[in-house]
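In: Here is a sequence with its predicted model. Questions after.
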Amino acid sequence: MTFTAPGMITVSALNGVQRIRHAFFTREGGGSDGIYASLNCGLGSGDQPDKVAANRAHALAQLDLGPEALACVHQQHSNQVVVVGADWDAAAPPVADAMVTTRSGVALGILTADCAPVLLVDPRANVIGAAHAGWRGALGGILDNTVAKMVSLGAKPSRIVAAVGPCIAQRSYEVGPEFPAPFLAEDAENHFFFVGSNRAGHHFFDLPGYVARRLAKNGVAEVARTPCDTCREEQRFFSYRRAQLKGEPDYGRALSVIVLER
């Protein structure tokens, strides 16, 4: 396999925090090919496992980490959050959609292909978190639970800095007539995240905006967002929705990571 420098996005809000490293990796710079080209980090895809492992190692090397540092979970659009402690077994990841830790040298990794990866830190308490926030998980409380679990480890919401990584943008995210109801039931102000479509009863949904507001409602001090659209930026990002629209049988997954330095 031939590798180039992987595409990597960072945000200034987290760059300004001492003792952490983070990255939202794009699809660029890996060793996979075909529909998985090229930095596919999703073991749940149909890509060759050895290529996925090599891609993960290549990405982590950009943060001066070995592949053994990576901690991932079996994501299922749930609201479950786990603590990555000393007894963590990387070979048997639990079903969850977020992780938090106070352990240095552990890279919390989230895989996405349109859903929002969210990286969080309380720099004073040295608590970090990483969450996978699709519409179902965000509505179901994954972000609320991530903040709460960080608080259980000594964090305070007023000190937490969060970054919402590349995900599907509102202009690409058309949803059906049934979609707004559960969001409006949760909070009537959520109507701001829906814009009418040309198709009767359909709307365009602002996932990153909703995620950012949900974090703010939990008292998070600072929420940064990346101005990306995973669905439309085909050269840079994997996208579940784009794969569906093109009739492709599968899709790659991008890796997002946050780690406390040793």
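Out: Structure's in. What do you need?

In: Can you classify the residue of the chain positioned farthest from its centre by secondary structure?
Out: Going by C-alpha atoms, centre = their mean, the residue of the chain most distant from its centre is A200, 31.4 Å out. Following DSSP: H, G, I helix; E, B strand; the rest coil, the label given to A200 is coil.

In: which residues touch it?
Out: A200 sits next to no residue when contact means C-beta atoms under 8 Å, 6 or more residues apart in numbering. C-beta here means a position set from N, CA and C on the backbone, and glycine is covered the same way.

In: Same question for A212.
Out: Shown in contact with A212 (C-beta under 8 Å, 6+ apart): V164, V223, R225.

In: hang on, M99 in a strand?
Out: Yes: under three-state DSSP, M99 sits within a strand.

In: out of everything not next to it in sequence, what's closest to it?
Out: Nearest in space to M99, with sequence neighbours left out and distances taken as C-beta to C-beta, 6 or more residues apart in numbering, is L108 at 4.8 Å.

In: how much space between that neighbour and A185?
Out: Per C-beta to C-beta, to the nearest Å, L108 is found 31 Å from A185.

In: Who has more neighbours out of these two?
Out: Using other C-beta atoms under 10 Å as the criterion, L108 and A185 rank with L108 on top: 27 against 10.

In: in the protein, which spans are strands?
Out: Assigned by DSSP state E, the strands in the chain fall at 8-9, 20-25, 70-71, 81-83, 98-101, 107-112, 116-122, 127-133, 161-164, 174-175, 194-196, 203-205, 222-225, 254-260.

In: Those strands: which one's closest to R241?
Out: Among these, strand 174-175 comes nearest to R241, with 9.1 Å by C-beta to C-beta.

In: could you list every residue that touches M99?
Out: For M99, the contact set (C-beta under 8 Å, 6+ apart) comprises A71, V73, V81, V82, V83, V84, L108, G129, A130.

In: By neighbours, which of these wins?
Out: If you count neighbours using other C-beta under 10 Å, the busiest of these is A130, which has 30 neighbours.

In: Just the pLDDT at T4, thanks.
Out: Looking at T4, its pLDDT is 78.

In: I figured it was touching A37, is that so?
Out: No: T4 is beyond contact range of A37, at 11.8 Å (criterion: C-beta atoms under 8 Å).

In: These two: who's more crowded?
Out: Set side by side, T4 and A37 show more neighbours around A37, with 16 against 12, by other C-beta under 10 Å.

In: Please report how far that one lies from R253.
Out: In this view, A37 and R253 are 13 Å apart by C-beta to C-beta.

In: S38 too?
Out: For S38, the distance to R253 equals 13 Å [C-beta to C-beta].

In: How about I20?
Out: For I20, the distance to R253 - C-beta to C-beta - is 23 Å.

In: Settle it for me: which of those two has more neighbours?
Out: Comparing I20 with R253 by other C-beta under 10 Å, the one with more neighbours is R253, at 24 against 19.

In: Show the contacting residues for that one.
Out: R253 sits next to N40, C41, G42, G44, S45, L111, T112, A113, F238 when contact means C-beta under 8 Å, 6+ apart.

In: change it to 10 Å
Out: R253 sits next to 27, 36, 39-45, 47, 52, 55, 75, 110-113, 115, 238, 240 when contact means C-beta atoms under 10 Å, 6 or more residues apart in numbering.

In: Kindly report the same for G137.
Out: 75-80, 97-98, 115-116, 131, 143, 145-146, 211.

In: what are the bridge partners for the residue lying closest to L65 once chain neighbours are set aside, then?
Out: Spatial nearest neighbour of L65, chain neighbours left out: A107 (5.5 Å); criterion: C-beta to C-beta, 6+ apart. Under DSSP bridges, the beta-bridge partners of A107 are L70, V259.

In: A107: how many residues sit nearby?
Out: Counted with other C-beta under 10 Å, the neighbours of A107 add up to 28.

In: distance of it from P182?
Out: From A107 to P182 the distance is 34 Å (C-beta to C-beta).
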